[in-house]
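Novice: Next come a sequence and a model predicted from it.
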Amino acid sequence: MITLTERAAAKLRELFEREGSSTAALRLRVTAGGCSGLRYELAFDDARDADQHFEPHGVPVVADPKSALHLAGCILDYADGLNESGFRIENPNAATTCGCGESFGV
């Protein structure tokens, strides 16, 4: 299960509206790369048959089965401040993370 904070959900609803697509979902994906070995990718995409589907706060979120293993229990948050701005993933499965927060290791 992937959790979205209300701030992240509000920002995603705003971005969905701007995109103008009612069929797209937020795709959370884990790929090889980054300074810690694995990195997160977020994109708008259509759901596929094998995807795991979530709808926290009414926002459609999908993840492929392999990514879903690494994302189980994650919290997606959004910040918009002077020191930090953008989406941030808190991952309880990460043994290590990089300083920028875009990659992790297990």
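Specialist: Now that the structure is in, tell me what you want to look at. Numbers count the residues shown, from 1 in each chain.
Novice: On the pLDDT front, check Thr96 for me.
Specialist: Thr96 is assigned 59 on the pLDDT scale.
Novice: nope, Ser85 is what I meant
Specialist: On the pLDDT scale, Ser85 is placed at 86.
Novice: hang on, it packs against Asp77?
Specialist: No - using Cβ atoms under 8 Å, Ser85 is not in contact with Asp77, being 11.8 Å away. Just so you know, the C-beta spots here come from the backbone N, C-alpha and C atoms, and that holds for glycine as well.
Novice: quick one: the helices in this protein?
Specialist: In the chain, the segments counted as helices under DSSP state H are 6-19, 65-71.
Novice: coming back round to it: more neighbours: which of Ser85 and Asp77?
Specialist: Using other Cβ atoms under 10 Å as the criterion, Ser85 and Asp77 rank with Asp77 on top: 17 against 10.
Novice: mind checking how far the more buried one is from Ala24?
Specialist: 21 Å (Cβ to Cβ, to the nearest Å).
Novice: try Arg18
Specialist: From Arg18 across to Ala24, the span is 12 Å (Cβ to Cβ).
Novice: Pick out whichever of these two has more residues nearby.
Specialist: The residue with more neighbours, out of Arg18 and Ala24, is Ala24; 16 against 8, by other Cβ under 10 Å.
Novice: Done for today, thanks.
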